[in-house]
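Novice: Sequence and predicted model, in that order:
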Amino acid sequence: MEQQRYNQIFLDAASDNTFPQVSSKTMIEKHASKIYTHTVFYDSQEQVQMAPCSCAIRGFSEQGNMHIINVEDAYRKHRIFQVAHNNESKETTCTCKMFEKKGILCKQISWITSGRGLQSILEQYIETRWTKKSYRKPLYGLDGKLLQDYDPTNLRKLELSRVWSEFYATISVLNSMTQTQIKELILMLLKFREKINPTKESLTKEQELEMLLGCSVKSNITVLPPKIAKNKGSGKRMKSNKDKAIEKFALC
């Protein structure tokens, strides 16, 4: 559990304090680098990079406020996909259904929206689970109700998470710090610890866990045995005629 917590905090710190390199001049890619985690951004960046080389317009039509654009994809055996763009709402859909499957915009949509001057990804096309701040947003269940474990008024857990994030962000730049700066950092940490803990009492593992989770650990935990499933073949087996004959012979 500690290793998972460390990995999560390390990745959060990297997303908050570093920005991946942008390869193109499109505003869509720059916006993606600010909102997405690194892993998701690289997937989105791949679509943006392939768009100019693989996409070509092969047809255009209008249906009211909708512009229907036929886009040929050279990387997918020259298949033609229909991109529908609404001039008023700026909503764009593609028949490849990549956004519906993966939650990121395909190269056809990225190419069309960039060419029409959009400066950022529309809010409805930003999946919360792929963003850097997803853990700070409310969580809803399948019924649309706010989950009970989430308390928007309790900022303690959020602030503790930010402390861990800033701590690991500082540790990541230790190699570039001078010896004098490292000594200043150690002295600052010692002074702050003496200020908040003058008795110099160290926390136990349980206390550290309670402080991180924001709740107390139960002293008595009852573990119930698992329920036995009665599937086909379980339980008492019916005796065959052969078994009955053997038992009858043994009794004689």
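Specialist: That came through fine. Residues are numbered from 1 along each chain as shown.
Novice: Who's the closest spatial neighbour of T131, skipping the chain neighbours?
Specialist: Nearest residue to T131, sequence neighbours excluded (Cβ to Cβ, 6 or more residues apart in numbering): I35, at 5.2 Å. Glycine gets a C-beta too; all of them are placed from N, C-alpha and C.
Novice: Please, which helix or strand holds Q3?
Specialist: Using DSSP states H and E, the element containing Q3 is helix 2-17.
Novice: what about that helix, average pLDDT?
Specialist: For helix 2-17, the mean per-residue pLDDT is 67.
Novice: For T18, see how far away F249 is.
Specialist: As judged by Cβ to Cβ, to the nearest Å, F249 and T18 stand 81 Å apart.
Novice: Helices of the stretch 1-150 of the chain, start to end?
Specialist: Secondary structure of the stretch 1-150 of the chain by DSSP state H, counting those that start in this stretch: the helices cover 2-17, 27-35, 38-54, 98-102, 107-115.
Novice: actually the stretch 151-252 of the chain, not the one I typed
Specialist: With helices called from DSSP H, counting those that start in this stretch, the stretch 151-252 of the chain shows them at 156-171, 179-196, 205-213, 241-251.
Novice: Quickly compare the ones you listed and say which is most buried.
Specialist: Here the criterion is mean neighbour count by mean count of other Cβ atoms under 10 Å, and of the helices of the stretch 151-252 of the chain the winner is helix 156-171, at a mean of 14.
Novice: residues contacting the residue nearest to T131?
Specialist: Contacts here follow Cβ atoms under 8 Å, 6 or more residues apart in numbering; on that basis I35 touches I121, I126, T131, K132.
Novice: same thing with E29?
Specialist: E29 is in contact with V22, S23, S44, Q45, V48, counting by Cβ under 8 Å, 6+ apart.
Novice: What's the ChimeraX syntax to select whichever of the residues you listed are buried?
Specialist: In ChimeraX syntax, the buried subset of these is picked out as below (16 or more other Cβ atoms under 10 Å):
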select :22,44,45,48
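Novice: from the contacts of E29, which is closest to I196?
Specialist: Distance ranking of those against I196, using Cβ to Cβ, places V22 first at 41.1 Å.
Novice: Was I right to think the closest one contacts I28?
Specialist: No - with contact defined as Cβ atoms under 8 Å, V22 does not count as touching I28 (10.3 Å).
Novice: When you compare pLDDT across the contacts of E29, which one is lowest?
Specialist: pLDDT across the contacts of E29 is at its lowest for S23, which sits at 77.
Novice: By mean pLDDT, show me the worst of the helices of the stretch 151-252 of the chain.
Specialist: Out of those, helix 205-213 stands lowest, with a mean of 67 (criterion: mean pLDDT).
Novice: just to revisit the earlier point, would CSV of the helices of the stretch 151-252 of the chain with distance to E91 be doable?
Specialist: Supplementary listing: the helices of the stretch 151-252 of the chain in CSV, determined by distance: least, Cβ to Cβ, whole Å:
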stretch, distance to E91
helix 156-171, 33
helix 179-196, 49
helix 205-213, 41
helix 241-251, 71
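Novice: Which one of those helices lies nearest to L224?
Specialist: Nearest of the helices of the stretch 151-252 of the chain to L224, taken as Cβ to Cβ: helix 205-213 at 23.2 Å.
Novice: follow-up on the earlier one: okay if I get the contacts of E29 as TSV plus distance to G103?
Specialist: Compiled in TSV, these are given as follows (distance: Cβ to Cβ, whole Å):
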residue	distance to G103
V22	20
S23	21
S44	10
Q45	15
V48	16
